[in-house]
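> model this:
(one chain, ligands or ions: 2)
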Amino acid sequence: MQPLIITVAPTGAEVSPDQTPYLPYTAEALGETAAACRAAGASMIHIHGRHPDGRPTQDVETYRAFADAVRSKSDLIVQFSTGGAVGMAPQERAVNLELRPEMASLTCGTVNFGDDVFENSFPTIRGILMRMLEFGVVPELEIFDLGHLDNARRLEREGLLSFPRHVDIVLGVPGGAEGTVENLVDIVRRLPAGCTWSVAGIGRAQLQLAAVAVAMGGHVRVGLEDNLYYAKGRLARNEELVARVARLATELQRPVATPDKAREILGLRPLTLA
Ligand code: KMH
Ligand code: ZN
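Ligands and ions are numbered 1, 2, ... in the order given. Now for the predicted structure:
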């Protein structure tokens, strides 16, 4: 099995600072979190921008400050979100790509998101993808349901995407596929040959699906974007969630990837500053 890539998604766009004291939504806090998560075993960080008061933003200067803070404290792979927050305009979501992060997320279809809708029509996906191609950014495909994988194959037929690539399977969003082992196995089975994959379990599904992914040879995403709790009633720090997955991997005799090893596994170019 490949060494395990642990991605931390420490902030997201929908969690508000009054839900937990551990949400890193300033550049300084994000830098500290990056260092702590790197020490705990993470090799990649998925970043969302926030205003100083905690509101989500895709503002370029915010992303520049956040990426600089992470890079000054760690050698983590920096992945920007192009999902932003529910309701953001598609053009707004992709402005941060001009900073040429090593990777960026690309959600491959529309999904109900609780009572909201996370809109990703084909024109939206194509527009974000074209910008990734323009700036040489490697996409991580975000799959919230099986149909999203079919959408990605359709983009391949259009000549906009090539396989194999890295796919993050997000399970347990109310409106997307449920966070079950059966759904994970089903989707993994249908991935194009040679793809690498990670699972991002939402809420309580995070721990169970992480354990299964470690055993299956996949990779894992954890963090407060997807799950606020370490255990029932006990709020988590990002680095604790990372450390727990690293411990599981160690028990299962699977090595944890360094960021450079993860770059090799994912076929990323060496780190360059924007
Ligand atoms: N904030 C969610 C609506 C991504 O980062 O690309 C979407 C999201 C996906 O977080
Ligand atoms: Zn995200």
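
> make it CA atoms for all contacts and neighbour counts henceforth
Noted.

> what kind of secondary structure is residue 7 in?
Secondary structure for residue 7, judged by DSSP: H, G, I helix; E, B strand; the rest coil, is strand.

> was I right about it contacting residue 44?
Yes. Using Cα atoms under 8 Å, residue 7 makes contact with residue 44 at a distance of 4.6 Å.

> so what does the helix or strand containing residue 126 touch, helix or strand wise?
Using DSSP states H and E, residue 126 sits in helix 122-135. In this structure, helix 122-135 packs against helix 90-93, strand 103-107, strand 138-143, with contacts taken as 3 or more Cα pairs under 8 Å, 6 or more residues apart in numbering; DSSP states H and E.

> pairing partners for the helix or strand hosting residue 170, with directions?
Per DSSP H and E, residue 170 falls inside strand 166-171. Note on strand 166-171: by DSSP bridges, its sheet partners are strand 138-143 (parallel), strand 196-201 (parallel).

> any idea of the angle it forms with strand 103-107?
50 degrees (axes from the mean of the first three to the mean of the last three Cα atoms, to 10 degrees).

> so how far is strand 166-171 off the chain centroid?
8 Å (Cα atoms, centre = their mean, to the nearest Å).

> now whichever residue of the stretch 51-200 of the chain sits closest to ligand 1: closest residue in space that isn't a chain neighbour?
Here the residue of the stretch 51-200 of the chain nearest ligand 1 is residue 83; by Cα to the nearest ligand atom that distance is 3.4 Å. Among residues not flanking residue 83 along the chain, residue 93 sits closest, at 6.2 Å (Cα to Cα, 6 or more residues apart in numbering).

> quick one: pLDDT of the one you found?
pLDDT recorded at residue 93 is 98.

> same check, this time on the one 10 residues further on
Residue-level confidence at residue 103 comes out at 97, pLDDT.

> repeat for residue 273
pLDDT at residue 273 comes out at 41.

> also residue 144?
pLDDT, residue 144: 98.

> now do it against residue 31, distance only.
Residue 144 sits 29 Å away from residue 31, taking Cα to Cα, to the nearest Å as the criterion.

> could you do residue 226 as well?
Applying Cα to Cα to residue 226 and residue 31 gives a distance of 19 Å.

> okay, these two: which has more neighbours?
More crowded of residue 226 and residue 31, by other Cα atoms under 10 Å: residue 226, with 26 against 22.

> tell me, what residue is most central in the chain?
residue 46 (4.8 Å; Cα atoms, centre = their mean).

> wait, doesn't that one sit right on residue 80?
Yes. Between residue 46 and residue 80 there is a contact under Cα under 8 Å: 5.7 Å.

> common neighbours of these two, please.
Here residue 46 and residue 80 share no contacting residue, scored by Cα atoms under 8 Å, 6 or more residues apart in numbering.

> which ones are touching residue 187?
Each residue near residue 187 by Cα under 8 Å, 6+ apart is listed here: 146, 169.

> count of neighbours near residue 174?
With other Cα under 10 Å as criterion, residue 174 counts 15.

> for the closest residue to residue 12 other than its chain neighbours, list the residues it contacts.
Leaving aside its chain neighbours, residue 12 sits nearest to residue 225 (4.2 Å; criterion: Cα to Cα, 6+ apart). The neighbours of residue 225, taking Cα under 8 Å, 6+ apart as the test, are 9-15.

> quick one on the thing from earlier: separation between the residue nearest to the centre of the chain and ligand 1?
Going from residue 46 to ligand 1 by Cα to the nearest ligand atom, to the nearest Å gives 7 Å.

> and the stretch 151-274 of the chain, which residues reach ligand 1?
Contact residues, the stretch 151-274 of the chain versus ligand 1 (Cα under 6 Å from any ligand atom): none.

> so where's the stretch 151-274 of the chain uncertain?
Across the stretch 151-274 of the chain, the ranges flagged by pLDDT under 70 are 269-274.
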